[in-house]
Every structure is written in structure tokens, then in C-alpha cells.
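**Student:** 3D, please:
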Amino acid sequence: MRFTPEQIGRLRHRHRGYQITLATEVLLLLLLPLAQGHPWLLSVMLVLLALVLIVFVSRYSPLRQTRPLIFGLGALAIGLEILWHGALIQAPHMGRMLTVPHVFAWLLFLSVGVFRKVKTLVREPYVTVSVVLGAASGYLLIGLAGGLLLTALWAVQPSAFVLASLPLVQAGNSIDLAVAPALMAASFTMLTTVGTTVLETSNVAGQVVTTVITILGQLYVAILIALILGRYHRRSA
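**Tutor:** Next up is the predicted model:
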């Protein structure tokens, strides 16, 4: 298989994007304890991740038709993140109203991002270290989406959570920025099937969210492996 210099350049940029995306996600995870004391840090890291996905991955993706969609959803998610964070500080009531739309925008953006990541990885001509790192970054994106889903659940149904397992919240507030990092960390324990104690075992909504996060993580790995092996089998036949 021969590539033009332009194709080689785009391939190298995209593979570098995989590495940068994974590094950003790992950094976000490592900073979660610090973000509990400085809630703005999680918002900054999410915005940074969105910019990385748009600039370093989607920009060089072979899926050009859906590129405007990912750009638009990324801009919407970043805008709502900034607005939501500011509203929770200046006008908590408005911030609580924006929580669900804000989370929905991020979930949509990350869902499209994961879908595009899988399709892009399947189209990679060779399975290299960078491609494997790209697959790992897609897996972590599911964990981040799960953390946002837990944030939405916390906003609409706080009774689904074990308050003793979460940071203290201000009385009368249904959402607190300090809770978001803890929920993000809990999502990754669900993703890896380790389990978490932040959700009430008797709450149906919490059980559904836990099941969704766990199943999506396992399906991602199974589907990606099946697609890559299927492509390799067709080329070898």
C-alpha cells in the first residue's frame, strides 16, 4: 500500500493526536484529587480535552463528512461548560437548571467522538503503538462520559447516592462542583467493573447507570477487537 506525502503527513498528525488525547485523559484522571479542592480544574481539563479531540484527532480524521458535526458539538460543549461553571458560582439556581442540558451536550459530543474514534481506528492501515494508544483513549472517553452521566443523575435524583461516600455539599444545593470529581472517579471504577460505593444499591436509577457504564466499556473492547480482527482476516484471505 502506497501513500502520498500528504496522506503520510495526515497519518502522522493523527497518530500524534492519539498520543496527546491519551496523555490528556490520563492527566485528567491524575488531577481528580486536586480538582476536588479546586473544582474549576475539572472544567479546564474537559475543555482542554475537547480542544485536543477537535484539533489533533478530528481535524486529521478520514471521516470528513461528520467533521462539522464534531466541531459544532465540541464548541457547544465547551460553551455550556464555561456557562454552567460560571452560573453555579454566580447564580446557583440557574446553574442547576443548566446541569442537564450541559451534561447532554457533553454526552452527545463524547458519544460521537467515541463512534468516530472506532471508525477511524478500523480504517487505520496498520496496527501500531499509536493506534493501540488511540484505542485506549477511546475507552477512557467512555469513562468520562459515564462521569458526566452520574453528574446528571446527581442533579435530578440526589437520593440515588450515598452521601457519606461523597464530599460534603452545601445545604440546600442539589449540585455542588466539589462532587463532580468524585463522580468522575466513581465512573472509572464502574467502567473497570471494580464497583463503587457512591450509589445506593436499592435505587433503580443508580443501578441502571452502573449497568450502562459497565456494559458500554465491555462492548467497546469487544467491538473494537472484532472489527480489527475481522479486517485482518479479510486482508489475509
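
**Student:** now for Leu150, how many residues are close by?
**Tutor:** 29 (other C-beta atoms under 10 Å). To be clear about C-beta, it is placed using only N, CA and C from the backbone, and glycine gets the same treatment.

**Student:** what separates the helix ranked longest in the chain from the chain centre, distance-wise?
**Tutor:** Identified as the longest helix of the chain according to DSSP state H is helix 204-236. In terms of C-alpha atoms, centre = their mean, to the nearest Å, the centre of helix 204-236 is set 15 Å apart from its chain centre.

**Student:** just use 7 as the starting number from now, easier for me
**Tutor:** Understood, numbering begins at 7; the last thing we discussed is helix 210-242.

**Student:** what residues sit buried inside that helix?
**Tutor:** Across helix 210-242, burial judged by 16 or more other C-beta atoms under 10 Å covers 212, 215-216, 219-220, 222-223, 226, 230, 234.

**Student:** can you give me the end-to-end span of stretch 90-102?
**Tutor:** 8 Å (C-alpha to C-alpha, to the nearest Å).

**Student:** buried stuff in that stretch?
**Tutor:** Within stretch 90-102, the residues scored as buried using 16+ other C-beta under 10 Å are 90-91, 93-94, 98, 101-102.

**Student:** could I get the full set of strands for the protein?
**Tutor:** Counting by DSSP state E, no segments of the chain form strands.

**Student:** tell me which helix or strand of it sits lowest on mean pLDDT?
**Tutor:** Least confident helix or strand, the chain: helix 210-242 with a mean of 81, by mean pLDDT, DSSP states H and E.

**Student:** who does that one touch, helix- and strand-wise?
**Tutor:** helix 98-128, helix 135-162, helix 185-197 (3 or more C-beta pairs under 8 Å, 6 or more residues apart in numbering; DSSP states H and E).
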